[in-house]
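K.L.:
With the sequence up front, the predicted model follows.
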Amino acid sequence: MNSRAALFAGLFASVLATTACEDFPARPPVSPVGPSSLADLLVPRLGGNWGGEMTLSGVTGGTGPAVNAGATWCEGADFARVLGEKNEYTLVIAQDGKDLTVSMVSAANGLACDYKGHIGSGNTFVLQSEECTQHRDLNFLCRNGESRSLQLVGSSVTASFDDPINPTVITGRAAYTYNVDPKPGAVSAALVATQSFSALTRR
């Protein structure tokens, strides 16, 4: 009896082993999913609505006899007279990982720019304008009676934030480039106005 039982047990185990090999083939290794490193989980959370004051802090370029020396004349002088002027701006930031899509609008004059950019190292990001709009061109009457028309053509933003995970304050500068159309027959030029900001916060 014992020998017959052992024989049946051996045959049963052999059948099970054969069935297991036939019905359940070995599966290929599964590639791991998820972030490739811990750093992928620690992206700063910049998405949302931000706002605060921006101050006109500089102007370069323009037209006139001193432009090649880095000075401004006529329309540049008009900008220079209001250096320090403050305006309220709002930023709407959409975030996909480290990629940013940003809309920035002035509450005072309706100046609006759409940007795309990327979060860099050291709690910083850089944006380049995709499109800028303004309600109308800026027209200046120079002191000698000549007129100038400024058309906004582009903008860039360089900024930093205070916390690597949950930022609460954004600081930096925005630069706006204008084409300057002087009187007929004169050479067109460009003017760059810079605004600085030190305390854009969540709204």
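P.N.:
Sure thing, it's come through. Residues are numbered from 1 along each chain as shown.
K.L.:
Which positions in stretch 158-176 come out as buried?
P.N.:
By 16 or more other C-beta atoms under 10 Å, the buried positions in stretch 158-176 come out as 159, 161, 167, 169-170, 172-176. (Glycine included, C-beta is placed from N, CA and C.)
K.L.:
Just the closest of those to P44, please.
P.N.:
P167 (5.7 Å; C-beta to C-beta).
K.L.:
Could you measure from the nearest residue to the closest one once chain neighbours are set aside over to E130?
P.N.:
Nearest residue to P167, sequence neighbours excluded (C-beta to C-beta, 6 or more residues apart in numbering): F161, at 3.7 Å. Look at F161 and E130: by C-beta to C-beta, to the nearest Å, they are 22 Å apart.
K.L.:
what's the answer for D162, then?
P.N.:
Separation of D162 from E130 (C-beta to C-beta) stands at 27 Å.
K.L.:
again, but for D181
P.N.:
For D181, the distance to E130 (C-beta to C-beta) stands at 23 Å.
K.L.:
So which bits of stretch 95-113 are buried?
P.N.:
So stretch 95-113, judged by 16+ other C-beta under 10 Å, has buried residues 95, 100-102, 104-106, 111-113.
K.L.:
do the same with stretch 52-60
P.N.:
Within stretch 52-60, the residues that count as buried by 16+ other C-beta under 10 Å are 52, 54-56, 59-60.
K.L.:
Identify all contacting residues around that stretch.
P.N.:
With contacts defined as C-beta atoms under 8 Å, 6 or more residues apart in numbering, stretch 52-60 is touched by 70, 72, 76, 79-80, 82-89, 106, 173-174, 191-197, 199-201.
K.L.:
Apply the buried test to these and list what passes.
P.N.:
Buried among these by 16+ other C-beta under 10 Å: 72, 76, 79-80, 89, 106, 173-174, 191-195, 197, 200.
K.L.:
In strands, which of the residues you listed appear?
P.N.:
If you go by DSSP state E, the buried ones among the contacts of stretch 52-60 have 89, 106, 173-174, 191-195, 197, 200 in strands.
K.L.:
nearest to E146, of those?
P.N.:
Taking C-beta to C-beta as the measure, E146 lies nearest L191 of these, at 15.1 Å.
K.L.:
Isn't the closest one up against C74?
P.N.:
No - assessed by C-beta atoms under 8 Å, L191 is found out of contact with C74, at 9.8 Å.
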